[in-house]
Every structure is written in structure tokens, then in C-alpha cells.
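Chemist: quick one: sequence plus predicted model below, questions after.
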Amino acid sequence: MPFAAVVGVNHHGHSILLGCALVTQEYTDSFKWIFSNWIEAMGGIHPTAIITDQAEAIRNAIRDVMSNTIHRFCMWHILCKAPEKFKHLRNVSRATNELKEVVYDSLNIQIF
């Protein structure tokens, strides 16, 4: 049974657990229910941004329930998929490392 954690960042920059849910089925309607109830519990205030994995059901639910919320994919999940996406390259390890450098070591938008 998948566990959905809602994690936020406090004024000290620390991660804090804001809520969680057990999801029996990873369907769009399941996530729409979670997000709708979360927003209701937050007094109708939508989050400014949300970071998730790349699940289509989550993406669809965010589009339907939190259309004004900025949705980004989790960097960890992206980097985990990098070797698979780069498998056609001669040096997969080098390409993955270069991606990490661009993401983590870019000091400004122009360098990125």
C-alpha cells in the first residue's frame, strides 16, 4: 500500500511532516481526494508549489485540483532515471555526471 507523505519546509529551512495518507490505488481520483481534503484542512489555501515523482495520476490530480500550484518533478527521481534515458550514449556515466553538475553546480541561470 503506497504511502503519500506531505512534507513542507518551515521558516528555518527544515523539512517537516505536514500530513500523510495511505493510498490503496494510485489513481487520479485517489490523489484528487487527498489533495482536495488537504486543501480543505488548510482552510482552502492552495500550496504555492509542489514537488512529486513523475506519476501520471498525481500530475492529473494536481492539474484538476491545484491548477494554480507550480508543479515540479523530484530531482532524485529524475536522476534515478538518467542512466536509462542516456543508455543510447557511449558513456552513460559521464552524461549522468554532467547532468548532475549542471543541476547542482550552476551558480546562475546563464550557466544553467
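Modeler: Right, received. Where do you want to start?
Chemist: and the helices in the chain?
Modeler: According to DSSP state H, the chain carries its helices in the segments 28-41, 56-65, 75-85, 92-105.
Chemist: distance to P2, mean pLDDT and mean neighbour count added to these, as CSV?
Modeler: Heads up, the C-betas are built off the backbone N, CA and C, glycines and all. Shown next, in CSV, are the helices of the chain (distance: least, CB to CB, whole Å; pLDDT from 0 to 100; neighbours: other CB atoms under 10 Å):
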stretch, distance to P2, mean pLDDT, mean neighbour count
helix 28-41, 9, 94, 16
helix 56-65, 10, 95, 17
helix 75-85, 14, 89, 12
helix 92-105, 27, 89, 12
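Chemist: adding distance to A49, write the ones you listed out as CSV.
Modeler: Shown next, in CSV, are these (distance: least, CB to CB, whole Å):
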stretch, distance to A49
helix 28-41, 14
helix 56-65, 11
helix 75-85, 14
helix 92-105, 17
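Chemist: ok, which of those comes nearest H14?
Modeler: Proximity to H14 (CB to CB) singles out helix 75-85 among these, at 18.1 Å.
Chemist: and that closest one, how far out from the chain middle?
Modeler: Distance, stretch centre to chain centre, for helix 75-85: 13 Å (CA atoms, centre = their mean, to the nearest Å).
Chemist: many thanks, have a good one.
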